[in-house]
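Undergrad: generate a structure from the sequence data that follows.
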Amino acid sequence: MRVIVFGATGKTGRHVSRLALDRGHEVTAFGRSADRLDPEPGLSASKGDVLEPGAVATAVEGHDGAIVCLGSTGLRDSTTLAAGTANIVAAVDSHGVGRLVVLSAAGVGDSWTQIPWSSRLMFKTMLRNILADHRAQEAVVEGSKADWTVVRSAVLTDKPATGTVTATKTGPTKRISRTDVAGYLVDQLTDASLARRAISVTT
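TA: Residues are numbered from 1 along each chain as shown. Model (predicted):
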């Protein structure tokens, strides 16, 4: 599959691109510093900003799937995730991309009851803008024509992969490594069992 990864130069996006290549996909890495990535077979770099609709639309053309793992610019940022994803969804729908996988956060929507009290406290205080942005982001994704899946991640860590991911709609979430999340995101490209649904992941 030919897949484009948005946020490909971020902490999680780098793992997504690496694992997608390892599993035989052709990968286009989209990001503001994508041109700094080391060249390798199967990898194309597309430097651009998700807040620029034209750049996103041009990059999306010709792909079969898209993975979105955008990050906020800071604690005061309440628009980047939704605005960037809106441009991606518009491009995906315009070019007929069949599969769309989007990284969100456990705690959004009906997953609020799945997160621990410490995460709820953070989302109600210092992370409230990011939570609101994720909510708006998911609303945008739900309007896409593509077979989308929203993956709501537990608290991300930089620990090594465990190789075990628990996907749940009701169970508690705690932490998960970025590499484990990345692997799950890539898996969804060819697994449509959760199409047009949101799921929480943890280890």
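Undergrad: now do the helices in the chain.
TA: 11-22, 53-60, 80-95, 117-124, 128-142, 178-187 (DSSP state H).
Undergrad: for the ones you listed, give me TSV that also has distance to Ile4 and mean pLDDT.
TA: (C-beta placed from N, C-alpha, C; glycine too.) Output for these, formatted as TSV (distance: least, CB to CB, whole Å; pLDDT from 0 to 100):
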stretch	distance to Ile4	mean pLDDT
helix 11-22	10	97
helix 53-60	6	98
helix 80-95	9	98
helix 117-124	30	97
helix 128-142	16	98
helix 178-187	13	98
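Undergrad: wait, which of those helices is closest to Thr170?
TA: Of all those, it is helix 117-124 that lies closest to Thr170, at 16.2 Å by CB to CB.
Undergrad: circling back to that earlier point, redo the helices of the chain as JSON lines? Include distance to Ala34 and mean neighbour count.
TA: Below are the helices of the chain laid out as JSON lines (distance: least, CB to CB, whole Å; neighbours: other CB atoms under 10 Å):
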{"stretch": "helix 11-22", "distance to Ala34": "10", "mean neighbour count": "22"}
{"stretch": "helix 53-60", "distance to Ala34": "9", "mean neighbour count": "18"}
{"stretch": "helix 80-95", "distance to Ala34": "14", "mean neighbour count": "21"}
{"stretch": "helix 117-124", "distance to Ala34": "30", "mean neighbour count": "14"}
{"stretch": "helix 128-142", "distance to Ala34": "21", "mean neighbour count": "19"}
{"stretch": "helix 178-187", "distance to Ala34": "17", "mean neighbour count": "23"}
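Undergrad: format the ones you listed as TSV; extra columns: distance to Val151.
TA: Below are the helices of the chain laid out as TSV (distance: least, CB to CB, whole Å):
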stretch	distance to Val151
helix 11-22	11
helix 53-60	20
helix 80-95	13
helix 117-124	17
helix 128-142	11
helix 178-187	6
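Undergrad: and the ones you listed: which comes nearest Thr162?
TA: helix 178-187 (5.9 Å).
Undergrad: so how far is that closest one off the chain centroid?
TA: How far helix 178-187 lies from its chain's middle: 10 Å, per CA atoms, centre = their mean, to the nearest Å.
Undergrad: follow-up on the earlier one: tell me which of the helices of the chain sits nearest to Glu40.
TA: Using CB to CB, these put helix 11-22 closest to Glu40, at 7.2 Å.
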